[in-house]
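Undergrad: Just a sequence and a predicted model for now, questions to come.
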Amino acid sequence: MNKIDESLLNEISDEKAKDASAYNIRKNGKCVSRKVNDYINIVTKEDGSGIDVYVKENTLFGIVHIPVLITESGLTDVVYNDFHIGKNANVIILAGCGVHNDKHKDSEHDGIHRFYLDEGAKVKYAEKHYGEGAGTGKKILNPVTEIIMQKNANMEMNTIQIKGVDSTNRITKATLYEGATLVINEKILTSNTQKAKTDFEVELKGENASTKVTSRSVATEKSYQEFVSNITGKAKCYAHVSCDAIIKDEGMVKAIPEIFAKDVEANLIHEAAIGKIAGAQLLKLMSLGLSEDEAEKVIIDGFLK
């Protein structure tokens, strides 16, 4: 790995990545490094299109790191990663993609991640996306996450788009059975003429299943963001969806909520708020000696923290 690779890894890696007991590093469509152990196995799919990650039942505190690096201009990389989480296992999965493009052709990564959580399994999943490079070629990232959660399974999903991604279409679909809990936290920053769309579709099929989806986004300059959520409750269940966005300059944000109760005991809530940076906040920070630009940065960083 060269300095560009190391820099991209630093941008997209969680601090826990250094403690990973299993990992798979993918660069420009190929695996460049892998480590497994007795309770976490990583297997290349027969057609080479991705990997299967197997976590044995009752595994505790395992950490899996699966970063993707794209440094080749003009490359479209599509990968299918399946995660099989055994009964009562408790693991952290760290993913993410960094794209470096210094040329004129577009570079794209489409990662399709499918999670199968057995009864009582617990997963904390973190994903960071980042783009950089002086070329005119676009940095495109289209992540798809599909989740099936069995009885009393628990999953926390934290997704962050740091900066530099020209176009992204983010799709998350989940099916929750009895007592399963899914928490999703999304943070997105767009600038220039970048476009980002996120689409959440969660089906609560089991009694006492619950989900909480929180999206925080900032759209600056001439960028555009669209948030779509579709939550369906088919039993006694609970869901809370919150979309909060800050717009600046000519930035635009569109929120399209949909909640569908198919059971009299389905409790579904959706909240959305879109607005500019509060003037009182700005003035308070400027009174401390910060310039307007510095004050805006502090507010945005705090909002996305």
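TA: Thanks, I have the structure now. Residues are numbered from 1 along each chain as shown.

Undergrad: Might you list the low-confidence residue ranges for this structure?
TA: Across the chain, nothing is flagged by pLDDT under 70.

Undergrad: Would you agree residue 70 is in contact with residue 97?
TA: Yes. Using Cβ atoms under 8 Å, residue 70 makes contact with residue 97 at a distance of 6.8 Å. (C-beta placed from N, C-alpha, C; glycine too.)

Undergrad: Mutual contacts of the two, please.
TA: residue 109 (Cβ atoms under 8 Å, 6 or more residues apart in numbering).

Undergrad: Count the residues that sit near residue 237.
TA: 29 (other Cβ atoms under 10 Å).

Undergrad: how near is it to residue 272?
TA: 21 Å (Cβ to Cβ, to the nearest Å).

Undergrad: Kindly report the same for residue 226.
TA: For residue 226 relative to residue 272 (Cβ to Cβ), the value is 12 Å.

Undergrad: Which parts of the stretch 1-150 of the chain are strands?
TA: 22-27, 30-35, 40-44, 50-55, 60-65, 68-70, 76-85, 90-100, 107-117, 122-132, 139-141, 144-149 (DSSP state E, counting those that start in this stretch).

Undergrad: Same check on the stretch 151-300 of the chain?
TA: Here the stretch 151-300 of the chain has its strands, by DSSP E, counting those that start in this stretch, at 154-161, 167-176, 181-190, 195-204, 209-219, 224-233, 237-247, 252-261, 266-275.

Undergrad: Which among those strands is found nearest to residue 40?
TA: Proximity to residue 40 (Cβ to Cβ) singles out strand 154-161 among these, at 16.9 Å.

Undergrad: Does anything pack onto that closest one? Which helices or strands?
TA: Packing partners of strand 154-161 (3 or more Cβ pairs under 8 Å, 6 or more residues apart in numbering; DSSP states H and E): strand 122-132, strand 144-149, strand 167-176, strand 181-190.

Undergrad: about what we covered before: would you format the strands of the stretch 1-150 of the chain as a markdown table with mean neighbour count and distance to residue 282 included?
TA: Shown next, in a markdown table, are these (neighbours: other Cβ atoms under 10 Å; distance: least, Cβ to Cβ, whole Å):
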| stretch | mean neighbour count | distance to residue 282 |
| --- | --- | --- |
| strand 22-27 | 20 | 42 |
| strand 30-35 | 12 | 46 |
| strand 40-44 | 16 | 48 |
| strand 50-55 | 20 | 45 |
| strand 60-65 | 18 | 39 |
| strand 68-70 | 25 | 37 |
| strand 76-85 | 19 | 41 |
| strand 90-100 | 24 | 32 |
| strand 107-117 | 21 | 37 |
| strand 122-132 | 22 | 28 |
| strand 139-141 | 25 | 31 |
| strand 144-149 | 20 | 36 |
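
Undergrad: could these go into TSV alongside distance to residue 192?
TA: Output for the strands of the stretch 1-150 of the chain, formatted as TSV (distance: least, Cβ to Cβ, whole Å):
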stretch	distance to residue 192
strand 22-27	26
strand 30-35	31
strand 40-44	37
strand 50-55	31
strand 60-65	30
strand 68-70	19
strand 76-85	22
strand 90-100	15
strand 107-117	17
strand 122-132	11
strand 139-141	11
strand 144-149	25
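
Undergrad: Which of the ones you listed sits closest to residue 162?
TA: Of all the strands of the stretch 1-150 of the chain, strand 122-132 comes closest under Cβ to Cβ, at 4.6 Å.

Undergrad: quick check: angle from the closest one to strand 144-149?
TA: 180 degrees (axes from the mean of the first three to the mean of the last three Cα atoms, to 10 degrees).

Undergrad: for strand 122-132, packing partners?
TA: helix 3-12, strand 90-100, strand 107-117, strand 139-141, strand 154-161.

Undergrad: How about residues contacting that strand?
TA: 8, 11-14, 83, 85, 89-101, 115, 117, 139, 141, 143, 153-166, 168.

Undergrad: Could you rerun that using 7 Å?
TA: With Cβ atoms under 7 Å, 6 or more residues apart in numbering as the test, strand 122-132 has contacts from 11-12, 14, 85, 90-100, 115, 117, 139, 141, 143, 154-166.

Undergrad: Same question for stretch 70-79.
TA: So stretch 70-79 is contacted by 4-5, 26, 28-29, 49-50, 97, 99-103, 105-111, 135, 137 (Cβ under 7 Å, 6+ apart).

Undergrad: If we use 8 Å, what do you get?
TA: So stretch 70-79 is contacted by 4-5, 8, 26-29, 49-51, 68, 97-112, 135, 137 (Cβ under 8 Å, 6+ apart).

Undergrad: Next: stretch 247-255.
TA: Outside stretch 247-255, the residues that reach it (Cβ under 8 Å, 6+ apart) are 190, 217-227, 243, 245, 272, 274-277, 296, 300.
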